[in-house]
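K.L.:
curious how this folds, go ahead:
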Amino acid sequence: MAQNGLARQLPEQRPQTNPVHKPVASPNPASQTKRVPFSAFEKCLCVTFSLVVLAMAIMLVSANIAIGNSQDNLQTVQTKVTKVQDNNTSATQQINELSSRSRLNKVAKKYGLSLNNANIRNVYK
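P.N.:
Just a heads-up that it's a prediction; the model follows:
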């Protein structure tokens with residue numbers, strides 16, 4: 001895009017020549033970078049962060065131990081409940097066998113009693 005019909009002059013390009021010997025840079029101690037020491041705030045921040053991470057790790061381990069103990073207690077209680085339910089089922093079955101009509105008739109006959117259907121009352125809990 002030419003303006004006012006004027007041409008631009010390009011810079012002159014010179015061919016690049018490679019030197020035969022490259023100069024060796026000698027280390028200059030003044031130009032080496034120096035580390036900036038940590039400030040007191042940064043040290044305090046690092047220590048605080050480390051303590052927080054350590055505390056969280058300890059809390060995680062203690063929570064896992066508490067969960068394990070709770071699961072063990074739950075399993076113990078469930079075992080006891082199962083035993084009590086089995087005993088209840090067994091007792092209910094024994095009650096049904098002992099209160100059957102045929103057994104009651106046998107006991108009544110044994111002791112010389114007679115059954116009067118008007119006087120029989122069934123009670124269920």
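K.L.:
Val107: which element?
P.N.:
For Val107, the enclosing helix or strand under DSSP states H and E is helix 101-110.
K.L.:
run the chain-centre distance for that helix.
P.N.:
Here helix 101-110 is found 62 Å from its chain centre; the criterion is Cα atoms, centre = their mean, to the nearest Å.
K.L.:
list the buried ones in that helix?
P.N.:
Neighbour counts over helix 101-110 (16 or more other Cβ atoms under 10 Å) mark no residue as buried. Glycine gets a C-beta too; all of them are placed from N, C-alpha and C.
K.L.:
any idea of the mean pLDDT for it?
P.N.:
When pLDDT is averaged over helix 101-110, the result is 86.
K.L.:
could I get the CA-only coordinates of it as PDB?
P.N.:
Provided in PDB are the C-alpha atoms of helix 101-110 (Å, rounded to 0.1, in the frame of the first residue of the first chain):
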ATOM      1  CA  ARG A 101     -56.100 -77.400  70.600                       C
ATOM      2  CA  SER A 102     -55.100 -81.100  70.500                       C
ATOM      3  CA  ARG A 103     -52.600 -80.600  73.400                       C
ATOM      4  CA  LEU A 104     -55.200 -78.700  75.400                       C
ATOM      5  CA  ASN A 105     -57.700 -81.600  74.900                       C
ATOM      6  CA  LYS A 106     -55.100 -84.100  76.100                       C
ATOM      7  CA  VAL A 107     -54.300 -82.100  79.200                       C
ATOM      8  CA  ALA A 108     -58.000 -81.700  79.900                       C
ATOM      9  CA  LYS A 109     -58.700 -85.400  79.600                       C
ATOM     10  CA  LYS A 110     -55.700 -86.200  81.800                       C
END
